[in-house]
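A.B. asks: only the shape, not the letters, is given here:
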Ligand SMILES: [Fe+2]
């Protein structure tokens with residue numbers, strides 16, 4: 001059983017404000033990739049899609065003289081840290097189980113190593129799925145953050161993904 005749907009996350013004003021800022025089209029594409037990858041990596045699609053959908057919720061933009069400054073961003077970015085905290089707060093507020101909210105927040109925290117000191121960290125399968133889902137939708141020079149999608153289509157795609165997850169989980173239950 002899922003505690004909350006992607007649609008309830010999508011409809012929340014915090015999601016609308018921050019996920020739109022970092023790119024709703026990218027967030028939805030990453031969530032679909034995460035759904036497909038979750039079968040391959042045998043991780044819970046509920047957690048994988050939520051983490052992928054919210055992975056960039058902590059983004060903010062770095063501008064200098066009105067222009068996006070990639071160097072400034074690279075030096076100072078902590079969007080994964082901010083995003084993990086912001087997503088966790090949102091999920092708990094919406095009624096997500098604290099255990100799941102923690103797993104989702106951790107996957108968001110580790111979806112990129114751009115802010116980490118050099119060195120290897122080993123990701124668990126859920127964290128790997130979310131990082132891969134993000135990578136699969138990346139475009140050169142961060143263009144994936146600017147791809148547009150209208151609200152109605154975005155909402156429809158999210159509702160469709162909810163159905164796909166429910167069907168998948170029901171089928172899994174039936175065959176176990
Ligand atoms: Fe991303």
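C.D. replies: All right, it came through fine. Since the structure is predicted, the reported quantities are computational estimates derived from the model, not experimental observations. Numbers count the residues shown, from 1 in each chain.
A.B. asks: distance check, residue 28 against the ion.
C.D. replies: Using CB to the ion, to the nearest Å, residue 28 is found at 12 Å from the ion. C-beta: built from backbone N, CA, C; applies to glycine.
A.B. asks: shouldn't that residue be in contact with residue 158?
C.D. replies: Yes - judged on CB atoms under 8 Å, residue 28 makes contact with residue 158 at a distance of 6.6 Å.
A.B. asks: need the overlap of contacts for these two.
C.D. replies: Listed as contacting both residue 28 and residue 158 by CB atoms under 8 Å, 6 or more residues apart in numbering are residue 53.
A.B. asks: got phi/psi on the residue of the chain positioned farthest from its centre?
C.D. replies: Distance from the centre of the chain peaks at residue 65, with 29.8 Å (CA atoms, centre = their mean). When read as degrees, to the nearest 10, the backbone of residue 65 gives phi 50, psi 40.
A.B. asks: SS state for the closest residue to residue 112 other than its chain neighbours?
C.D. replies: Nearest residue to residue 112, sequence neighbours excluded (CB to CB, 6 or more residues apart in numbering): residue 80, at 5.3 Å. Following DSSP: H, G, I helix; E, B strand; the rest coil, residue 80 is assigned to helix.
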